[in-house]
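Undergrad: pasting the structure only:
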């Protein structure tokens, strides 16, 4: 929320002065490689203009209130012309305070970020550059290939294998003579030509080489060989873009250093049912263990047009006893509505805030608000007990900005206790049609995870009567009963009805018992990295 002093822009009108464009590197794919600065900008952006190769995990970090524009920009796929992107950035800065141009890898390493920066400079638009982990560094590390090594390579050369105009030609003969590690971007399509040029330039045909497809993603795969046969091996394996080619003695170290390939859930595909737009903590933990995770259905939060109802809620903030939040989406939408009314956090000075769920509490803290009552449970008995610790609920007033068309057991329990609950629909959750065959994706998974009854119903609807071949895991007995009533069979339930319990059960079912020691250390690392 911002103060009543105002700003140079609003979301519905034009700026009195141009905003700032942030040229942000998204890294090679794994959301864990995104910089802290990049994550902060995504959460507060008014509009994000992104490339097609930016991973879904990173796209999910964008504020729900931000406009999103996909401009493509991937080798071999449809994309928006660079001149049109430059013009789009300039126009966006004239409408918005904060414009994020989200680019795969690093903006200034084969990302055409320099061209965009020059276009902005010429138009008088302020810009900042937020570097990202470039593909050569991130992808080679995940493949187990150090680009330099004291015994094998004291230098590394980044080069593009994509040759468009005649003046783009790379002097492969000179590069062959360097004897340094070569990290070749966008080279898989012309790998036969590149290999032949390097060999003709004097690089030995026996030089180790590797091609890494979808590096740092769960579907990463690596083909290794020699410079003389790597093109044929990659073609036989049907390796396609995006892919990085590494040529040099260091490529032979992969056999010893391929840590990513040894993660316990590598090759395991899971579908997690979704009932809210926010990224799943279960998905984060399972991806950290190497699993290929799909969350379905894709959802987003939309604004509800009920200004009169919301005006009434905001007018009562100074006299109410409690403000109740039960989702991160409600917190984000509350912030947007408060800003539209020129309000800041001071309006909450006299009201206690109750936060249900870890994600809700985390979202509140992002905006500098610490809840008076914070619970990890949605159990109405425990919530009422916590709120009653601050005084009797009888005769109190509770303001509840909530999701549209969703009844709350907590609201009902508060009324029974004697409280007056003023509810206002502040957002609705709607599915995003991504054109994928959901039923085929779900039935082909090794595991289907159902974290709630709502999620179970959404997945059942997508299946259209088709059976699930993989194991079905429910987070608890209530969800398991719902899933069984919906026709799911072979349901397993986590002994601990939590994220940790789900992850433990997947590990136990998917991996050999002999790997118990490795699993325990992997499990601990996943929780430490993604569940704190």
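TA: Sure, I can see it. Predicted, not measured: the structure shown is a model, and the values here were computed from it.

Undergrad: who does residue 355 form a beta bridge with?
TA: Beta-bridge pairing of residue 355 under DSSP bridges involves residue 325, residue 374.

Undergrad: what sits against it?
TA: 325, 361, 364, 371, 373, 374, 375 (Cβ atoms under 8 Å, 6 or more residues apart in numbering). Quick note: C-beta positions are derived from backbone N, CA and C, even for glycine.

Undergrad: now do the SS call for the most centrally placed residue in the chain.
TA: Note on the chain: the residue nearest the mean C-alpha position is residue 57, at 1.8 Å, using Cα atoms, centre = their mean. Under DSSP: H, G, I helix; E, B strand; the rest coil, residue 57 falls in the helix class.

Undergrad: in the protein, where is pLDDT below threshold?
TA: 1-16, 73-78, 163-168, 278-279, 432-437, 512-532 (pLDDT under 70).

Undergrad: tell me where the stretch 51-200 of the chain has strands.
TA: Using DSSP state E, counting those that start in this stretch, the strands of the stretch 51-200 of the chain run over 67-70, 98-103, 126-130, 156-160, 181-185.

Undergrad: so for residue 138, which of those sits nearest?
TA: strand 181-185 (11.0 Å; Cβ to Cβ).

Undergrad: sheet-wise, list the partners of the closest one with their directions.
TA: When pairing is defined by DSSP bridges, strand 181-185 lines up against strand 156-160 (parallel), strand 243-247 (antiparallel).

Undergrad: buried ones in whichever helix or strand comes after the last one?
TA: Under the assignment DSSP states H and E, the closest C-terminal helix or strand after strand 243-247 is helix 254-257. Of the residues in helix 254-257, those buried under the neighbour-count criterion (16 or more other Cβ atoms under 10 Å) are residue 254.

Undergrad: about what we covered before: so of the strands of the stretch 51-200 of the chain, which one's packed in deepest?
TA: Mean neighbour count, computed with mean count of other Cβ atoms under 10 Å, is highest for strand 98-103 among those, reaching a mean of 27.

Undergrad: what is it packed up against?
TA: Judged by 3 or more Cβ pairs under 8 Å, 6 or more residues apart in numbering; DSSP states H and E, the packing partners of strand 98-103 are strand 20-25, helix 36-44, strand 47-50, helix 82-93, helix 113-122.

Undergrad: tell me the gap between the last one and the middle of its chain.
TA: For helix 113-122, the separation from the chain centroid amounts to 27 Å (computed by Cα atoms, centre = their mean, to the nearest Å).

Undergrad: nearest to residue 208 among the contacts of residue 355?
TA: The closest of the contacts of residue 355, once distances to residue 208 are taken by Cβ to Cβ, is residue 361, at 50.0 Å.

Undergrad: helix, strand, or coil at the closest one?
TA: Under the three-state scheme (three-state DSSP), residue 361 adopts helix.

Undergrad: isn't it up against residue 369?
TA: No. Between residue 361 and residue 369 there is no contact under Cβ atoms under 8 Å: 9.4 Å.

Undergrad: compare the two and say which is more crowded by neighbours.
TA: When neighbours are counted by other Cβ atoms under 10 Å, residue 361 and residue 369 differ, and residue 361 comes out ahead with 22 against 19.

Undergrad: the closest residue to residue 248 other than its chain neighbours pairs with what?
TA: Excluding the flanking residues, the one nearest residue 248 by Cβ to Cβ, 6 or more residues apart in numbering is residue 181, at 3.6 Å. As for beta bridges, residue 181 partners with residue 156 under DSSP bridges.

Undergrad: residues in contact with residue 181?
TA: 147, 148, 153, 155, 156, 157, 246, 247, 248, 249, 250.

Undergrad: can you give me the distance of the last one to residue 361?
TA: Look at residue 250 and residue 361: by Cβ to Cβ, to the nearest Å, they are 45 Å apart.

Undergrad: domains of the protein?
TA: As assigned by automatic domain parsing, the chain contains the domains 20-133, 137-262, 269-298+433-530, 301-431.

Undergrad: report the buried members of the contacts of residue 181.
TA: Buried among the contacts of residue 181 (16+ other Cβ under 10 Å): 147, 153, 156, 246, 247, 248, 250.

Undergrad: wait, which of those is closest to residue 261?
TA: Residue 261 has its nearest neighbour among those in residue 246, at 15.4 Å by Cβ to Cβ.

Undergrad: apart from its chain neighbours, what residue comes closest to the closest one?
TA: residue 210 (4.8 Å).

Undergrad: and if you look at residue 25?
TA: What sits nearest to residue 25 in space, not counting adjacent residues and going by Cβ to Cβ, 6+ apart, is residue 132, at 1.8 Å.

Undergrad: for the residue nearest to residue 248, give its distance to residue 157.
TA: 7 Å.

Undergrad: repeat for residue 354
TA: Residue 354 is 58 Å from residue 157, by Cβ to Cβ.

Undergrad: out of the strands of the stretch 51-200 of the chain, flag the one nearest residue 50.
TA: For the strands of the stretch 51-200 of the chain, the distance to residue 50 is smallest for strand 98-103, at 3.9 Å, taking Cβ to Cβ.

Undergrad: quick check: neighbours of the closest one in the sheet, parallel or antiparallel?
TA: When DSSP bridges is applied, strand 98-103 pairs with strand 20-25 (parallel), strand 47-50 (parallel).

Undergrad: gap between the nearest residue to residue 108 once chain neighbours are set aside and residue 102?
TA: Spatial nearest neighbour of residue 108, excluding adjacent residues (Cβ to Cβ, 6+ apart): residue 114 at 5.9 Å. From residue 114 across to residue 102, the span is 16 Å (Cβ to Cβ).

Undergrad: show me the contacts for residue 143.
TA: 210, 212, 215, 220, 222, 246, 254, 258, 260.

Undergrad: was I right about residue 237 contacting residue 223?
TA: Yes. The pair residue 237 / residue 223 is scored as a contact, 5.0 Å apart, by Cβ under 8 Å.

Undergrad: compare these two (neighbour count), which wins?
TA: residue 223 (20 against 13).

Undergrad: next SSE after the helix or strand containing residue 448?
TA: Per DSSP H and E, residue 448 falls inside strand 447-450. Toward the C-terminus, strand 447-450 is succeeded by helix 453-463 as the next helix or strand (DSSP H and E).

Undergrad: which strands and helices sit next to that next one?
TA: strand 269-273, strand 292-296, helix 438-443, strand 447-450, helix 477-485.

Undergrad: can you give me how far stretch 205-217 is from the chain middle?
TA: 26 Å.

Undergrad: I misspoke; the intended subject was stretch 233-245.
TA: 25 Å.

Undergrad: quick one: buried residues of it?
TA: Across stretch 233-245, burial judged by 16+ other Cβ under 10 Å covers 233, 234, 239, 241, 242, 243, 244, 245.

Undergrad: contact partners for residue 176?
TA: By Cβ under 8 Å, 6+ apart, the contact set of residue 176 is 197, 198, 199, 200, 201, 202, 203.
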